[in-house]
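Visitor: Let me see the structure of the following:
(one chain, ligands or ions: 2)
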Amino acid sequence: MKTYALLLAAGKGTRMRTDMPKCAYPILKKPMIEYSIERLENSLVDEICVVVGHKREVLMDLLGDRVQYVVQEEQLGTGHAVLCAEDLLKNKPGKTIILPGDMPLIETKLINKILNAHDDMGNDLTLVSTLYDNPKGYGRISRDKYGNVCSIVEDADLTDTQKQIKEVNTGVYVINNDILFDCLKEIKINEKKGEYYLTDIVSVMKRRFKIGLFLVRNSILMMGINDLYQISIAEKHLRVEINKWHMLNGVSIINPETVTIGHDVEIHPGAVINPNTTITGNSVIEADTIIGPNTEIHESTIKKNAQVKHSLVYDSEVGEFSTVGPFAHLRNHAVIGDHNRIGNFVEVKNSKIGSKTKASHLSYIGDAEVGDRVNFGCGSVTVNYDGVNKHKTIIGSDVFIGCNVNMVAPINISDNVFIAAGSTVTEDIPAGALTIARSRQINKDDYAKNLVKPQIDEKKAL
Ligand code: UD1
Ligand code: CA
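Guide: Residues are numbered from 1 along each chain as shown. Ligands and ions are numbered 1, 2, ... in the order given. Alright, predicted model coming up:
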């Protein structure tokens, strides 16, 4: 018998007040729903199905064929959302764990414990509850005087006495497939909201079936996200956990409260992460690197012994012993080889740079292929855009580019070339050439006195 997971992600997420469907909203730059999908993939669950509806194309784009989909055309409540999976699950023997798509902190170990508890207790339905000091917004578990569950009461429907209840419904349930859909059909519409509440399945089942409760002690793991403030709480929790994990693994993080590391980032022991640094996506930071302060790295690899300070690195790679920054910007597949220097106010875009090359100040290198031991003088620029198309600059090895040189692409500069400062080069340069592409200087002897000089008011100047 198989175990299925059904994730509910069709809702509008009205309380978020954003255009994006709630379950796609990023936490540490990773869509919320991907956290729970990943945990389910690693769990005892055999097949994962997601109920999509509002802006479904966004979620389907994100998740691709990692999961199966069920469409809920109209958002008629959580009970109705599960009912939409009838064709997919009804005749499949086994059990289904139902989870809300807005629960990014749940962990694989806990999912497995809940599934095992369902079997061990021989339940038809297992409810998962937890305790909150401030349970506002959650459905509450209402028990009879013997402690048996009688119903789940939604926050809006609580009586004053029920408002004291601290045990909440987490929105996670395990139920056997053979009874799920018949019971769902008995749920009546909630007149006030015009929705079918999945929580009402408890009242439907309580006389005929065995309902068990699984209480989660670490309540933060079951947090449901309804608004942007709760996003910030979940993000903080993840950030603290992720930083701690890296530190215990041998990564030095200075002032960790200011450092944000994404869930999928790989950092090797021996790396040092300085304050105000954000590393996200599938980035890899190798050993003995120094990253930050004030640095953002996304989807990039920083190889052993490299340093990146006060800089942005997006979708790029920095080779061993290379230094980047301060105030550099690498983006769109900038591949920097080993022992390079990318210095102050240098931008590198979609370019490949060999080794021991230096661009120390104020350069733009775009759509270029650069060899080894090239020196980019201060202010030298690849002129890659003609207003319509982007063109390529190819620079060989051992090339010296003087200050303020424009290399108008497409252009090919061969090995061992020397380009004089201030040149605007528009034609290919053969190997070994000295290129001067600027007008010659004229000095008019004794002429300066004929020019009108600006009058300087000493007082004003001060
Ligand atoms: C729900 C529970 C509440 C519980 C809380 C836990 C109900 C009626 N209430 O409330 O008892 O304490 O979760 O976090 O179930 N969804 C659909 N289709 C719909 C409506 C919702 O797919 O028609 C999805 C949403 O996208 C969301 C999930 O179901 O991922 C939960 O919906 P939400 O509106 O967040 O429910 P809560 O009000 O938080
Ligand atoms: Ca919710």
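Visitor: which secondary structure element contains Ser232?
Guide: helix 228-248 (DSSP states H and E).
Visitor: For the closest residue to ligand 1 within the stretch 51-200 of the chain, give me phi and psi.
Guide: Residue of the stretch 51-200 of the chain nearest ligand 1, by Cβ to the nearest ligand atom: Gly139 (2.3 Å). All C-beta atoms are positioned from the backbone trio N, CA, C, and that covers glycine. The phi and psi values for Gly139, taken as degrees, to the nearest 10, are phi -70, psi 140.
Visitor: quick one: the helices in the stretch 101-250 of the chain?
Guide: Using DSSP state H, counting those that start in this stretch, the helices of the stretch 101-250 of the chain run over 108-121, 177-184, 201-205, 228-248.
Visitor: Mind putting these into JSON lines with mean neighbour count?
Guide: Shown next, in JSON lines, are the helices of the stretch 101-250 of the chain (neighbours: other Cβ atoms under 10 Å):
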{"stretch": "helix 108-121", "mean neighbour count": "17"}
{"stretch": "helix 177-184", "mean neighbour count": "18"}
{"stretch": "helix 201-205", "mean neighbour count": "21"}
{"stretch": "helix 228-248", "mean neighbour count": "15"}
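Visitor: Make CSV from those helices and add mean pLDDT and distance to ligand 2 to it.
Guide: As requested, those are exported to CSV (pLDDT from 0 to 100; distance: least, Cβ to the ion, whole Å):
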stretch, mean pLDDT, distance to ligand 2
helix 108-121, 98, 18
helix 177-184, 97, 19
helix 201-205, 96, 17
helix 228-248, 98, 9
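Visitor: how about the ones you listed in CSV, adding distance to Asp367?
Guide: Below are the helices of the stretch 101-250 of the chain laid out as CSV (distance: least, Cβ to Cβ, whole Å):
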stretch, distance to Asp367
helix 108-121, 44
helix 177-184, 56
helix 201-205, 59
helix 228-248, 35
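Visitor: Bridging across strands, which residues link to Ile261?
Guide: Ile279 (DSSP bridges).
Visitor: Kindly report the same for Lys95.
Guide: Thr3, Asn176.
Visitor: One more: the one 4 residues further on?
Guide: On DSSP bridges, the residues paired with Leu99 through beta bridges are Leu7.
Visitor: That one touches Leu198, doesn't it?
Guide: No - assessed by Cβ atoms under 8 Å, Leu99 is found out of contact with Leu198, at 11.2 Å.
Visitor: if we compare the helices of the stretch 101-250 of the chain, which one ends up closest to Leu213?
Guide: Closest approach to Leu213 among the helices of the stretch 101-250 of the chain is made by helix 108-121 (9.1 Å; Cβ to Cβ).
Visitor: now the closest one: how far from the chain's centre is it?
Guide: Once both centres are worked out by Cα atoms, centre = their mean, to the nearest Å, helix 108-121 turns out to sit 29 Å from its chain's centre.
Visitor: what's near enough to touch the residue of the chain found nearest ligand 2?
Guide: At 3.6 Å from ligand 2, Gly224 is the closest residue in the chain, using Cβ to the ion. Counting by Cβ atoms under 8 Å, 6 or more residues apart in numbering, Gly224 makes contact with Pro100, Asp102, Met103, Gly137, Tyr138, Thr170, Gly171, Gln230.
Visitor: Let me see the contact set for the last one.
Guide: Meaning Gln230. Met223, Gly224.
Visitor: One more pass at 10 Å, please.
Guide: Counting by Cβ atoms under 10 Å, 6 or more residues apart in numbering, Gln230 touches Arg15, Met16, Asp102, Gly137, Met223, Gly224.
Visitor: do the second one as well
Guide: Applying Cβ under 10 Å, 6+ apart, we find Asp102 in contact with 7-9, 11, 13, 16, 22-23, 25, 32-33, 36, 171, 223-226, 230-231, 234.
Visitor: please redo it, this time with the cut-off set to 7 Å
Guide: Counting by Cβ atoms under 7 Å, 6 or more residues apart in numbering, Asp102 touches Lys22, Cys23, Met32, Gly224, Ile225, Asn226.
Visitor: Show the contacting residues for Met407.
Guide: Here Met407 is in contact with Thr382, Val383, Thr393, Ile413, Val425 (Cβ under 7 Å, 6+ apart).
Visitor: Phi, psi for it please.
Guide: Torsion angles, degrees, to the nearest 10, at Met407: phi -110, psi 100.
Visitor: what comes into contact with stretch 433-446?
Guide: Contacts for stretch 433-446 (Cβ under 7 Å, 6+ apart): Val417, Phe418, Ile419, Ala420, Gly422, Ser423, Thr424, Val425, Ile429.
Visitor: one more time with 10 Å
Guide: 400-402, 404-406, 408, 413-414, 416-427, 429, 450.
Visitor: What's the end-to-end length of stretch 417-436?
Guide: End-to-end distance of stretch 417-436 (Cα to Cα, to the nearest Å): 11 Å.
Visitor: Please compute how far that stretch lies from its chain's middle.
Guide: With Cα atoms, centre = their mean as the basis, stretch 417-436 stands 44 Å off its chain's centre.
Visitor: rewinding a little: ranking the contacts of Asp102 by neighbours, who comes first?
Guide: Cys23 (31 neighbours; other Cβ atoms under 10 Å).
Visitor: What parts of the stretch 201-350 of the chain come near ligand 1?
Guide: Gly224, Asn226 (Cβ under 6 Å from any ligand atom).
Visitor: What residues does the stretch 201-350 of the chain have near ligand 2?
Guide: Contacts of the stretch 201-350 of the chain with ligand 2, taken as Cβ under 5 Å from the ion, map to Gly224, Asn226.
Visitor: one more time with 8 Å, if that's ok
Guide: The stretch 201-350 of the chain has residues Gly224, Ile225, Asn226 near ligand 2, with proximity defined as Cβ under 8 Å from the ion.
Visitor: Surely the second one touches Gly13?
Guide: Yes - using Cβ atoms under 10 Å, Ile225 is in contact with Gly13, at 8.8 Å.
Visitor: Find residues that contact each of the two.
Guide: Residues touching both Ile225 and Gly13 (Cβ under 10 Å, 6+ apart) are Lys22, Cys23, Tyr25, Met32, Gly101, Asp102.
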